[in-house]
Each structure stands twice: as structure tokens, then as C-alpha cells.
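**Q** Model the following, please.
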Amino acid sequence: MDSSSPDKLILVTREPDGIAYVTINRPKSLNSLTKPMMTDLATAFKALDADDSVRVVVLSGSGRAFCSGVDLTAAEGVFKGDVKDVEIDPVAQMERCRKPIIGAIGGFAVTAGFEIALACDILVAAKGAKFMDTHARFGIFPSWGLSQKLSRIIGPNKAREVSLTAMPLTAEQAERLGFVNHVVEGSALLKKAREVAEAMIKNNQDLVLRYKSVINDGLKLPLGHALVLEKERAHEYYNGMTKEQFKKMQDFIAGRSAKKPAAKL
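**A** Prediction:
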């Protein structure tokens, strides 16, 4: 295990089993993001993507919030200048990350925090968690994908209501709308996120990475083009497999079949 200093605003911990934890750690400010924090978060995901020992990443926030958005006391410095630099853009680096990202949402996920949540592959939320898009309330233009992703997940009419009214969505509403996978008691939040991560770790790591990629890349395309993409990548995958890999697959399937009880007539 390695752990960042607890006084850091972005904490990174790697576990021996391949699960890495990233924590936004500014609880007194409800984990609002400063420009250095955004850079550190982007750097963390870039490093975890490159680390072959990391198989799944769990992202959470300290204290009463997941992330309450950008620290508006330094808004001009955040939104101007380097805002287009993908190397220090946390959402861009999350979207580039090949490893599955599980968001553990406790408390508020507001505006930029909502966008960071939507950059995760799977969301687990604590009861009492709330998602809010306050771009329209504060005169901030979305740039991390909320205006496009949310409508594709929950439908355009509901997304317009969420974004144009700035009204909160509860964790339970978010689960019903399909962008939160599990709602649990707050004390069980990281436990549930770990449970999902452990289920992923049991599978073929190469296929997990490829599967995440083809799902996420296919979502950017019309269905017909996405089906072609799937077929192309399947052919590429199988053409690259050796006889030994096929034999290993067959042995694994045979081993699983041998463990099953005989069917009753």
C-alpha cells in the first residue's frame, strides 16, 4: 500500500490487490476545486492509467460532499487560460483512463462535481447524496460534458429540467433515472464500491480494459457505426490471440463446467 500525505488535497492510495483510491480532500470547502487541485486530479488519473499494477480506480470525496464544484473565489483563473489544456483537465484524463472508474458519491456532487461523477464508469451513491447542475444559476458555461452526457443517459426532457432549473436530484431519483448503479447507507459506500471493484478484478484484465473501451467509444457513435466498431475490435482481438491463449480459454471453460452439478432429468 502507498498513501499520499493526509494534508494533500488530492489523495491517492494503491492497494496490493489492484484497487486504487483517489480522494478529493478539501472537506472544509465541501471539496470545491482550485486550479492546482484540478491539475493534481488530472495528474493522478494519468499516473494510474499508466500503472500496470492498478486494475480499478475508486473516486470519492472527504467529509460531507463528493465535490461541490469549482471554487468560485478563483473562478477567472480556473475558466480562462489553461482551461483548454487536456493535460491538466481532470475529466479529459478520466475519459482517457483505460481502467474502470467507480465513483463513490457521498453528499453533494454539484456542477463540476456532477461532471466528474458523469466521467466515472459506474456510480455508487450514499443515501442523502444529491446531484445538482448550477451552471445556469451562477452564469457558468459547462465544459466538462454535462450538457451532452446527461441528456444521453436520462433523456433530453429530464436533463433540460435538471440543468435549467438547477433543482437537485436525490440518489434514489438518480438510480431510477439510470445513472447511479447502487444506493447504499453512507457507512457502506466504500464497501459497496470495493465490492464492485473486486468483481471486476476477478475477470480477464485485458478483456475488461477492451470492453470498457468499446462501450465508451461506441457511445460516441450512431448504433450502426458502433456495431462495426465492435466487430472490428473483436476481429483484432481474436487475430492477436495465440494457440496457447485459446487453449487456456478452453481449459478455463472446461474447469468451470466440471464444477457445475449434473443436470437432473
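
**Q** State the mean pLDDT of stretch 209-220.
**A** The average pLDDT within stretch 209-220 is 96.

**Q** Which residue ranges of the stretch 151-265 of the chain form helices?
**A** Assigned by DSSP state H, counting those that start in this stretch, the helices in the stretch 151-265 of the chain fall at 156-165, 171-177, 189-201, 205-218, 223-239, 243-259.

**Q** If we go by neighbour counts, what in the shortest one is buried?
**A** What it means is helix 171-177. A171, Q173, A174, E175, L177 (16 or more other C-beta atoms under 10 Å). (C-beta placed from N, C-alpha, C; glycine too.)

**Q** What strand or helix carries A104?
**A** Per DSSP states H and E: A104 is located in strand 101-105.

**Q** I should have written V124 there, sorry.
**A** Residue-wise, V124 maps onto strand 122-126 under DSSP H and E.

**Q** Give the partner strands of that strand in its sheet and their orientations.
**A** Applying DSSP bridges to the sheet, strand 122-126 is found paired with strand 101-105 (parallel), strand 182-184 (parallel).

**Q** coming back round to it: downstream neighbour of the strand holding A104 in the secondary structure list?
**A** Sequence order places strand 108-110 as the next helix or strand after strand 101-105, per DSSP H and E.

**Q** So what touches the following helix or strand past that next one?
**A** Per DSSP H and E, the first helix or strand lying C-terminal to strand 108-110 is helix 112-118. By C-beta atoms under 8 Å, 6 or more residues apart in numbering, the residues outside helix 112-118 that reach it are 31, 33, 59, 61, 65-70, 90-91, 94, 103, 105, 109, 123, 131-133, 142, 144-146, 149-150, 153, 179.

**Q** hmm, try it at 7 Å
**A** Outside helix 112-118, the residues within contact range by C-beta atoms under 7 Å, 6 or more residues apart in numbering are 33, 66-70, 90-91, 103, 105, 109, 123, 131-133, 142, 144-146, 149-150.

**Q** Selecting buried members of those residues in ChimeraX, what would you type?
**A** To isolate the buried members of the contacts of helix 112-118 in ChimeraX, using 16+ other C-beta under 10 Å:
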select :33,66,67,68,69,70,90,91,103,105,109,123,131,132,133,142,144,145,146,149,150
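
**Q** Among the contacts of helix 112-118, name the ones in strands.
**A** F66, C67, G103, I105, A109, L123, F131, M132 (DSSP state E).

**Q** pLDDT added to the residues you listed, as JSON lines?
**A** Formatted as JSON lines, the ones in strands among the contacts of helix 112-118 follow (pLDDT from 0 to 100):
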{"residue": "F66", "pLDDT": "97"}
{"residue": "C67", "pLDDT": "97"}
{"residue": "G103", "pLDDT": "98"}
{"residue": "I105", "pLDDT": "98"}
{"residue": "A109", "pLDDT": "97"}
{"residue": "L123", "pLDDT": "98"}
{"residue": "F131", "pLDDT": "97"}
{"residue": "M132", "pLDDT": "97"}
